[in-house]
Structures are given as structure tokens and as C-alpha cells.
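S.K.: let's see this in three dimensions:
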Amino acid sequence: MTTEKNRRAPSRRPSAKASGFSSRSEGRSPGPRGTDSRSSDGRRPESSSDRPRDTGRGEPARGTRRPPARDGQAAPVRDRPYVMAAARIEQVRSVLGEVLQWEYPADAVLSHWFRAHPKLGSRDRGEVADAVFDVLRNLRRYRQFAEIGMGPAARRLAILGLSNVFSKDVLNQGLDEAEQGWLEHVLRINVAALSRAVRASLPDWLDERLSQLDDADALVDALNSTAPLDIRVNPLKVERDAMLATLRTGPALRFDPEPTPYSPWGIRLQGRPPVNRWPMFENGEIEVQDEGSQILAALVGVKRGEMVIDYCAGAGGKTLLLGALMRSTGRLYAFDVSAARLARAKPRFARSGLSNIVPVVIADDNDQRVKRLRGKAHRVLVDAPCSGLGTLRRNPDLKWRQHPESLQELVDLQARILRQASRCVAPGGRLVYATCSVLPEENERQVEAFLAENPEFTLLDASKIVQDRCENLTLEGPWLAMRPDRHGTDGFFAAVLERAKPAALKSSTEGGSQAQDGSS
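M.R.: Numbering: from 1, shown residues only. A predicted model of the protein is given here:
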């Protein structure tokens, strides 16, 4: 990313190599190899779906005239749409120039860019962010469209992104006659007639991977859509029905709050609500968390007084719900390799009112703090570092920041972490492995390989475990497999593995293992 000499850039990810971008539309990933949806230490970035973003993506604004300036010195009203559209095109073009170098996650670039331009209001930031994310979501198709016209392709990318933010009349005020004609032409192109990889703007390798999944077209289209915002109540502080009533009588009413269909704690909001400025967020009554992530917490099946480990705690979203479901009893270890990330999670822990969370910074499996817990935990959750490809609705840049080689590195890392975490599980305890990916090599195949090497673990039936808490959720097979096209959530996967007690291990190895009823 290009930065001014005295500007402070967001923390560089060591695995990200600098690379320029080409306007060519072939299906190669233009991003660097070795990048993933998390930071270089293998955890999710702060922009994951269980944290509110600070990228200026407030309520989407459709370009309309602004009120006259108070000092009376603004341009005449008839000129204001031109000034706004022309300025916004250049602003979006500037941000894209940094984002498309693929050195940093898009959220980090936007946050940094907005800090460097403090005079922009919330509406301005929202328009810029919405346009940038629209370009990232449709990058391959937009690059093909941009090659049709004359002049800088980067400017035409910005125009295409803003065509879904501004009305036609307002955007045209910032375009010359040739640009207006070009935009009119490309917007008439029948997108449905394009190949799926171009229509959904996927690199060829990822389109090939996704094509092997059931209902691939529906999944791809859903991943390329925008997502609503899910929040959840803190079960220790408030009931969902009471919070819904509060939201529907206050300023949140315009965001159409509705209960999530599966999670008993979730509330779905439309638009871009400023949740982190609401009093119920500040006092710990609600948190931002995708419904799929909420269901994962239910799958862990924690009980009061247990010892539980969240092995890859990250931003702490699942840790918070696990602690609340334990009714703030027992001991809940929040492991992470990043001291800074756990430090940022501590205010969330404090807001929640929980007293059973123990944040622990770990180095590796040889860390003495991990060794002391071997064979002692009733439940261990491994929300593993992954490609994040199930979150493309929220993080569309991930499809360009990934590469087959980096995916294999992640698969190897997942296997190591799963082996390490399994040693902490007590006999009769459960190990829950999860990702926010939809790819089999990170999900089912990973679990199958682990079971083949660890006969003391048995796969349990996830549907029987969650049915009491999530009565409307129907699962196929022994896994938890959530998809945006089927469930309206991010793509999530989870499997529940139970460690045999010594007496049961001998009989299980003699008779073979199979998926068991995990409802007990």
C-alpha cells in the first residue's frame, strides 16, 4: 500500500507480498500467495462477522442533494450533484488504488484511508465504502467492462462501483459524455449470459472448487450478495423478545429488526445500523455475531461448572456466548497467540458481565500453560484458521487474496492445531472443530483424516446436539454445514468429536466407530 511519509499504515501482514494489479480479466488471483482471512498468526482479522466494523459503512445513501452549507458559501444547488459525484469518483479511485495492491485486508485499508481524511462525514464514508466493496464483489466482471472504454481503467472501476450507490442522474453529473455512453452500454449487458466465474467474479481455481459442491450456482450467487447484520442478545442480561421490543420502539426500527430463524439469541437487521453506538451495545446487552457463529456456540454444548477451552479465541465473539451459556460459572479459557488481540477483547469481556473467562496468550503446543490442561477440559472449541471463503458476503476481497498454495498451507496448519487441541480433551469430553469455509478440504476431509489417526475420538451427530436449542434447524449428515443460500448465514462448518473413556476405548477399537447420537 502506498502511504504518505508521515502517515501511519495499518499493521502489515508478514505473509503478504507487495504486488501491483492488472486490469486483465483472466481468472487468476491477482493477489499474493500465502494470504488468508486472518492475520499472519492464523487468526481472523478484526473485521470478522462477530465485530462491528469501523470502515464508514453506515446506512447506504443513494446520491441526493445535500442541504445548503450554513455559511452560505457552498456551490449553488444545481452544481452540488456534479461536485459530489466527481469528488466521490476520485475518492473511490484513490481507495481502490491501495486496496487492489492486495497488501492489506480491504477493511484495514478503508479504516486507514478514512483516518487520513477526517473531514469526510459518515454519509461520505458510507458511499465510498459501499462502492469499494461493490467493486471487490464484482471485480472480474467490472474489469472486463472497464476494458471496453477509453481512458484510465481505474476510474471506470470506481464509476461502476458508484453506479450501485448513486442514482443515474446524480452519477452522470460527474461523467463526461463518453463515460455516460460507456456506462449506459455496459449496464445493458446481460449478466446472466456470462459464465459463472465472470458473473460471480471468481478466480478460475475457486470457481472450479465451488463447482464440485451441491447446488453450486445457488451457493456462488449467495456468496456474491450482500449480507444483513446479525446481532445476538447476552443471555445473562436480557431476553431476545424484550430486546426486540426495545429495538422496535427506538431508532433501530428503521433497520427492520427480526428474530433469526434458527438461533434463539439472534436478531437480524437490514442496512448498516451503527450498532456500536447503541446503549444496549455499550452496556453489554447485545453483540454483533453472525447467526451461524451463534449456532456453533450452541453445538459446543457447554454446561455450568465445566472447564472449557476456546482454543482460537480471536476477537472473543464465541467466547462471550459460551461464557453466558455457562451462566458465568466454571472456567472458560480464551487461548490466542496474539496478546494484542486478547487485550482488545478484554473490554468486550468486561461489558458482558462474565467472570469465568480467563484470557491466555499461548505460543505453541509446548507452552506450559497448554500442557497443564492436557486431558482436563470438558469441551474444547477449535475455530480454526481458515480461508474464510464462507464469509465472502462480508469480505469479498478474500477471493482475490487466496491462492491454492496458501489454501494448502492452511489445511496443514488446521491439522496441527486440531491435534494439539485434542490433547486437552478429557476422557468423555468433546472436541468441536469449526471453520468459516465451505471447502471440503478444510472441513469434512480434515475431520476424517483426524479420526483415522485418532481412534479414541468418535464423530457425534450434530443435528441431535443442536435440536433442543435450535429447533427449526434441520441438518443433513453428522456435520453442522451452514450456507448463505440455504440458511441465510455465512458459510460455517463444524463437527463434534467425543473422546472415549478408557473402558470404552477398547470396545470401540474392536467394533469400529461410527457417528453416534450426541444428545446426551
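S.K.: how about the strands in this structure?
M.R.: All strands of the chain, identified by DSSP state E, fall at 229-233, 258-259, 266-269, 286-288, 307-310, 331-336, 357-361, 377-383, 425-435, 457-461, 480-482, 492-499, 516-517.
S.K.: A298 reaches Q289, doesn't it?
M.R.: No - under the criterion of C-beta atoms under 8 Å, A298 is not in contact with Q289, lying 12.0 Å apart. C-beta: built from backbone N, CA, C; applies to glycine.
S.K.: out of the two, which sits in the more crowded spot?
M.R.: For the pair A298 and Q289, the greater number of neighbours falls to Q289 (26 against 23), based on other C-beta atoms under 10 Å.
S.K.: for V238, see how far away the more buried one is.
M.R.: Distance of Q289 to V238, given as C-beta to C-beta, to the nearest Å: 15 Å.
S.K.: quick one: contacts for V370?
M.R.: Under the criterion of C-beta atoms under 8 Å, 6 or more residues apart in numbering, the contact partners of V370 comprise F335, I362, Q420, C424.
S.K.: would you confirm that the last one contacts R372?
M.R.: Just to be clear, that refers to C424. No - here C424 lies out of contact with R372, judged by C-beta under 8 Å, at a distance of 9.6 Å.
S.K.: what about those two, which has more around it?
M.R.: For the pair C424 and R372, the greater number of neighbours falls to C424 (25 against 9), based on other C-beta under 10 Å.
S.K.: for the more buried one, give me phi and psi.
M.R.: In terms of degrees, to the nearest 10, the main-chain angles of C424 are phi -90, psi -10.
S.K.: list the contacts of it.
M.R.: I309, Y311, V370, L373, R374, G375, K376, A377, V380.
S.K.: restricted to buried residues, select those residues in PyMOL.
M.R.: Provided next is the PyMOL selection string for whichever of the contacts of C424 are buried by 16 or more other C-beta atoms under 10 Å:
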select buried, resi 309+311+370+373+377+380
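S.K.: any chance of the contacts of C424 in JSON lines, plus distance to E441 and pLDDT?
M.R.: Compiled in JSON lines, the contacts of C424 are given as follows (distance: C-beta to C-beta, whole Å; pLDDT from 0 to 100):
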{"residue": "I309", "distance to E441": "25", "pLDDT": "98"}
{"residue": "Y311", "distance to E441": "20", "pLDDT": "96"}
{"residue": "V370", "distance to E441": "26", "pLDDT": "90"}
{"residue": "L373", "distance to E441": "29", "pLDDT": "95"}
{"residue": "R374", "distance to E441": "28", "pLDDT": "95"}
{"residue": "G375", "distance to E441": "29", "pLDDT": "96"}
{"residue": "K376", "distance to E441": "31", "pLDDT": "97"}
{"residue": "A377", "distance to E441": "27", "pLDDT": "98"}
{"residue": "V380", "distance to E441": "22", "pLDDT": "98"}
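S.K.: adding distance to N164, write the contacts of C424 out as CSV.
M.R.: Below are those laid out as CSV (distance: C-beta to C-beta, whole Å):
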residue, distance to N164
I309, 44
Y311, 40
V370, 48
L373, 50
R374, 53
G375, 54
K376, 53
A377, 47
V380, 43
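S.K.: give me the below-cutoff pLDDT ranges for this protein.
M.R.: Within the chain, the stretches with pLDDT under 70 are 1-83, 365, 503-520.
S.K.: please repeat the previous calculation with a cut-off of 80.
M.R.: Within the chain, the stretches with pLDDT under 80 are 1-83, 149, 251, 364-366, 503-520.
S.K.: test my guess that R374 contacts R423.
M.R.: Yes - contact status for R374 versus R423: in contact at 5.0 Å, counting by C-beta under 8 Å.
S.K.: for the stretch 101-250 of the chain, what spans make up the helices?
M.R.: Using DSSP state H, counting those that start in this stretch, the helices assigned to the stretch 101-250 of the chain run over residues 106-116, 122-137, 139-146, 153-162, 168-172, 177-186, 196-199, 204-211, 216-223, 240-248.
S.K.: distance from the chain centre to the third one, please.
M.R.: Average the C-alpha atoms of helix 139-146, do the same for its chain, and the two points are 24 Å apart (C-alpha atoms, centre = their mean, to the nearest Å).
S.K.: what number of residues lie near E444?
M.R.: Taking other C-beta under 10 Å as the criterion, the count of residues near E444 is 16.
S.K.: is it correct that it is in contact with L480?
M.R.: No - judged on C-beta under 8 Å, E444 makes no contact with L480 at a distance of 11.3 Å.
S.K.: contacting residues for R331?
M.R.: By C-beta under 8 Å, 6+ apart, the residues touching R331 are M307, V308, N356, V358.
S.K.: how about 6 Å then?
M.R.: Contact criterion C-beta atoms under 6 Å, 6 or more residues apart in numbering gives M307, N356 as the residues in contact with R331.
S.K.: repeat for the one 3 residues further on
M.R.: Shown here is A334, whose contacts under the criterion C-beta under 6 Å, 6+ apart are D310, A313, T319, I357, P359.
S.K.: A481 too?
M.R.: Taking C-beta under 6 Å, 6+ apart as the definition, contacts of A481 comprise F493.
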